[in-house]
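Engineer: need a 3D model of the following:
(2 chains)
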2 protein chains.
Amino acid sequence: MGDQIRVGIMGYGNLGKGVELALRQNPDMKLVGVFSRRDPAAITLATPGVPCYSAQEALAMQQDIDVMILCGGSATDLAVQGPMYAAAFHTVDSFDTHAKIPEYFAAMDEAAQKSGHLSIISVGWDPGLFSLNRLYGDAVLPNGQTYTFWGKGVSQGHSDAIRRVPGVKNAIQYTVPVEDAVHRVRNGEDPVLTTRQKHTRECFVVAEEGADRAQIEADIKNMPNYFADYDTTVTFITEEEMKRDHSAMPHGGFVIRSGKTGDGEKTSQIIEYSLRLASNPEFTSSVLVAYARAIVRMAKMGATGACTVMDVPPAYLSAKDGAQLRRELL
Amino acid sequence: MGDQIRVGIMGYGNLGKGVELALRQNPDMKLVGVFSRRDPAAITLATPGVPCYSAQEALAMQQDIDVMILCGGSATDLAVQGPMYAAAFHTVDSFDTHAKIPEYFAAMDEAAQKSGHLSIISVGWDPGLFSLNRLYGDAVLPNGQTYTFWGKGVSQGHSDAIRRVPGVKNAIQYTVPVEDAVHRVRNGEDPVLTTRQKHTRECFVVAEEGADRAQIEADIKNMPNYFADYDTTVTFITEEEMKRDHSAMPHGGFVIRSGKTGDGEKTSQIIEYSLRLASNPEFTSSVLVAYARAIVRMAKMGATGACTVMDVPPAYLSAKDGAQLRRELL
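Structural biologist: Residues are numbered from 1 along each chain as shown, chains lettered A, B, ... in the order given. Here you go, the predicted model:
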């Protein structure tokens, strides 16, 4: 017990719930408490005996928590929460707005350096495990091309965008990789692919009664950034069908590195990493928990500031020691 | 130039030649020389202007070489060469006799600690990149099963074993994963698989004139350890067919982690890492070169002793710096 890593969860949405469940699979870790901006009295945790606190109480609990897993979203929560908690805890988060990572990294690095803590940002599968595979592929096969495909899976951002269209009551959007493009990449053809050639977007929409369905479809398909650059299909369904057929949160995708080696660089080598996830948030949570273990170890060795999955020695993720890892997994 | 990593290659077989070619793709690295137990005058390197030395000359060149890549085989070379060169250089090797890794690690660790050098052992794809994926899968999905399949690809050890059968002039052996087993694993069925259920062995044999082919086939199929536990096919071919159809050294395989997450641990998550290699030695060489870069960096930071791919922060493999990696690959 005394040696268990003491974990706090900040935010109790899908991700926070997933972290709570993932911690049960890791007996070297212990959930100290869940922190929420909602009224703690109104929240029932899945784990009996674990307290739920108001988010404001966290800062007074620095001595009780070895690592705080920040389960807020990138869009609004983490930009503020991240640096605030990095000033008080070692932290793990899943910041996933790719374009803003350098800026977020700098803010987290400053806060964590100043407080003498260690923060790992952008943990999950993309960014996260996919990033690692882009890196390994790039380093091992420098003469090559990297391709990332996502799906089939739900994009929360695109689903939200559809829900803002007038006449839409509910909606879900699946990102789907184009089979032919994937096939050509796996074949080592190194194709140049446009956005449209890589993914299609499948939208399932519950329309409000009397809404103009043709107009809704046109509004979605022409939406800039989100859909205009893609081949998009819109299917109208009932609220019952939505509940019955679209409640799971599957996702996945693959990173393929296609490279050439040897004399004349003509020998084709293909590395592929793929995920087929029945639950995107539960998988992301499992990755967060493994990196929470790693970050506590690195912090104990004196590391401070911000880092990413690229900076973490793989062995630190495991509860097993070096000798066992070499014996069993090397 | 002054900042280039200065690399020595010990051994000039398929692996050493692959390392020589891989170095050309990495402008931050420079080949200082190739070392061989054969007469250097009889060896022509692929790279004009690079000298070939006798292996005995290596120890006098400690000041000229930042890292020595040991390209000997595990069966006989490395057990002796490894500790000998770890006493004088930072080293990288591809020791791949899984059962003897703990013993080899201990010997290398002792030699390298004593001399203040850093040695990374068992680099390549299995052990190597496959090991990393077994580790990541094990850490991220602790409630799960890991499956490793090899092939379709040439097993040098099994090919050699066939060549020792009386009446065999030449032979090559392909390890082939059983499709149905792979399918069940990908499906998340978590099957318990025997050796026979995972791989078949395809042998192509050139018989000596007048040899008893039925006897050769029986000798191969009943060979303990190598073939008796497998479904094995033996096909007799001519020397011409051997040259024409079996000169490439393709290989590959996949590591699949099938895990369950969530409440009641019922949500299926599948991670798959796969390689399709047109040249096994050239790919292994490319991995060795990336880890040579990492090992020089870790040594500069004061690391000594033996380590494995599990101990190396992924970012160290890349010629790109942290900011670039976060911007481009995270």
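Engineer: CA only for contacts and neighbour counts going forward, please
Structural biologist: Fine.
Engineer: what residues does the stretch 151-300 of chain A have near chain B?
Structural biologist: Selection of the stretch 151-300 of chain A residues close to chain B by C-alpha under 8 Å from any C-alpha of the partner chain yields A:261-263, A:267-279, A:282-283, A:286-287, A:289-290.
Engineer: one more time with 6 Å
Structural biologist: Residues of the stretch 151-300 of chain A lying close to chain B (C-alpha under 6 Å from any C-alpha of the partner chain) are A:262, A:267-278, A:286-287, A:290.
Engineer: quick one: which of the residues you listed sit in helices?
Structural biologist: Using DSSP state H, the members of these that fall within helices are A:S286, A:V287, A:A290.
Engineer: my read: the first one touches A:L21, true?
Structural biologist: No: between A:S286 and A:L21 there is no contact, the gap being 8.6 Å when judged by C-alpha atoms under 6 Å.
Engineer: and those two? which has more neighbours close in?
Structural biologist: In this view A:S286 and A:L21 are compared by other C-alpha atoms under 10 Å in any protein chain shown, and A:S286 has more residues nearby, 27 against 22.
Engineer: could I get the contacting residues of the more buried one?
Structural biologist: Applying C-alpha atoms under 6 Å, 6 or more residues apart in numbering or on different chains to A:S286 gives the contacts A:A22, B:V140.
Engineer: let's go with 10 Å and repeat that
Structural biologist: Neighbouring residues of A:S286 by C-alpha atoms under 10 Å, 6 or more residues apart in numbering or on different chains: A:15, A:18-23, A:25-26, A:124, A:292, B:139-142, B:261-262.
Engineer: and it, how far is that from A:W125?
Structural biologist: Using C-alpha to C-alpha, to the nearest Å, A:S286 is found at 10 Å from A:W125.
Engineer: quick one on the thing from earlier: and for A:S286 and A:L21, which residues touch both?
Structural biologist: Contact criterion C-alpha under 10 Å, 6+ apart; residues shared by A:S286 and A:L21: A:L15, B:T261, B:G262.
Engineer: that's a strand at A:V7, yeah?
Structural biologist: Yes: the assignment for A:V7 by DSSP: H, G, I helix; E, B strand; the rest coil puts it in a strand.
Engineer: and for the residue nearest to A:A228 when sequence neighbours are not counted, the neighbour number?
Structural biologist: In this structure, A:A228 finds its nearest non-sequential neighbour in A:N222, 4.8 Å apart by C-alpha to C-alpha, 6 or more residues apart in numbering or on different chains. Residue crowding around A:N222 was assessed by other C-alpha under 10 Å; the count is 14.
Engineer: again with the one 5 residues further on
Structural biologist: By the other C-alpha under 10 Å criterion, the neighbourhood of A:F227 contains 20 residues.
Engineer: could you do A:P313 as well?
Structural biologist: When neighbours are counted by other C-alpha under 10 Å, A:P313 registers 18.
Engineer: what residues are up against it?
Structural biologist: A:A294, A:M298, B:V309, B:M310, B:D311, B:V312, B:P313, B:P314, B:A315, B:Y316.
Engineer: would you mind measuring from it to A:L275?
Structural biologist: When distance is defined by C-alpha to C-alpha, A:P313 is 22 Å away from A:L275.
Engineer: the strands in the stretch 51-200 of chain A, which residues?
Structural biologist: Under the criterion DSSP state E, counting those that start in this stretch, strands of the stretch 51-200 of chain A are mapped to A:52-54, A:67-70, A:91-93, A:118-120, A:144-150, A:153-154, A:168-177, A:199-207.
Engineer: from the chain's centre, how far out does the longest one sit?
Structural biologist: Taking the mean C-alpha point of strand A:168-177 and that of its whole chain, the gap between them comes to 19 Å (C-alpha atoms, centre = their mean, to the nearest Å).
Engineer: now the shared contacts of A:S286 and A:L21 as JSON lines including pLDDT, neighbour count and distance to B:Q324?
Structural biologist: Listed next are those as JSON lines, based on pLDDT from 0 to 100; neighbours: other C-alpha atoms under 10 Å in any protein chain shown; distance: C-alpha to C-alpha, whole Å:
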{"residue": "A:L15", "pLDDT": "95", "neighbour count": "26", "distance to B:Q324": "29"}
{"residue": "B:T261", "pLDDT": "96", "neighbour count": "25", "distance to B:Q324": "34"}
{"residue": "B:G262", "pLDDT": "92", "neighbour count": "23", "distance to B:Q324": "36"}
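Engineer: list the buried residues in stretch A:187-197.
Structural biologist: Across stretch A:187-197, burial judged by 16 or more other C-alpha atoms under 10 Å in any protein chain shown covers A:G188, A:D190, A:R196, A:Q197.
Engineer: same question for stretch A:4-22.
Structural biologist: For stretch A:4-22, a neighbour-count test (16+ other C-alpha under 10 Å) marks A:5-12, A:15-22 as buried.
Engineer: chain center to the worst-scoring helix or strand of chain A on mean pLDDT, what's the gap?
Structural biologist: Ranked by mean pLDDT, DSSP states H and E, the weakest helix or strand in chain A is helix A:156-163, scoring a mean of 92. Taking C-alpha atoms, centre = their mean, one finds the center of helix A:156-163 at 17 Å from the center of the full chain.
Engineer: how about stretch A:171-178?
Structural biologist: Relative to its chain's centre, stretch A:171-178 lies at 17 Å (C-alpha atoms, centre = their mean).
Engineer: average model confidence for it?
Structural biologist: Averaged across stretch A:171-178, the pLDDT comes to 97.
Engineer: please apply the same query to stretch A:317-329.
Structural biologist: 97.
Engineer: any part of that stretch near chain B?
Structural biologist: Yes: with C-alpha under 10 Å from any C-alpha of the partner chain as the criterion, chain B is reached by stretch A:317-329 at A:L317, A:S318, A:A319, A:K320, A:G322, A:A323, A:Q324, A:L325, A:R326, A:R327, A:E328, A:L329.
Engineer: show the contacting residues for the fifth one.
Structural biologist: The contact partners of A:G322, taken as C-alpha under 10 Å, 6+ apart, are A:A315, A:Y316, A:E328, B:C307, B:T308, B:M310, B:D311.
Engineer: go with 8 Å
Structural biologist: Taking C-alpha atoms under 8 Å, 6 or more residues apart in numbering or on different chains, we find A:G322 in contact with A:A315.
Engineer: ok, A:F254 next?
Structural biologist: Counted by C-alpha under 8 Å, 6+ apart, A:F254 has contacts A:F130, A:T148, A:F149, A:W150, A:E272, A:Y273, A:S274, A:L275.
Engineer: tell me what the last one is bridged to.
Structural biologist: When you say that, I think you mean A:L275. A:L275 has these beta-bridge partners by DSSP bridges: A:G253, B:I271.
Engineer: need the residues that contact stretch A:21-31.
Structural biologist: Outside stretch A:21-31, the residues within contact range by C-alpha under 8 Å, 6+ apart are A:3-9, A:20, A:46, A:50, A:282, A:285-286, A:289, A:293, A:319, B:142-143, B:261-263.
Engineer: so which of the contacts of A:P313 are in helices?
Structural biologist: Using DSSP H, A:A294, A:M298 are the members of the contacts of A:P313 that sit in helices.
Engineer: any of the contacts of A:P313 buried? List them.
Structural biologist: With burial judged by 16+ other C-alpha under 10 Å, the buried subset of the contacts of A:P313 is A:A294, B:V309, B:M310, B:D311, B:V312, B:P313, B:P314, B:A315, B:Y316.
Engineer: the second one is in contact with B:L132, isn't it?
Structural biologist: If I follow you right, that is B:V309. Yes: at 7.0 Å, B:V309 counts as touching B:L132 under the criterion of C-alpha atoms under 8 Å.
Engineer: re the thing from before, tell me the one among the buried residues of stretch A:187-197 nearest to chain B.
Structural biologist: Distance to chain B, by C-alpha to the nearest C-alpha, is smallest for A:G188 among those, at 9.9 Å.
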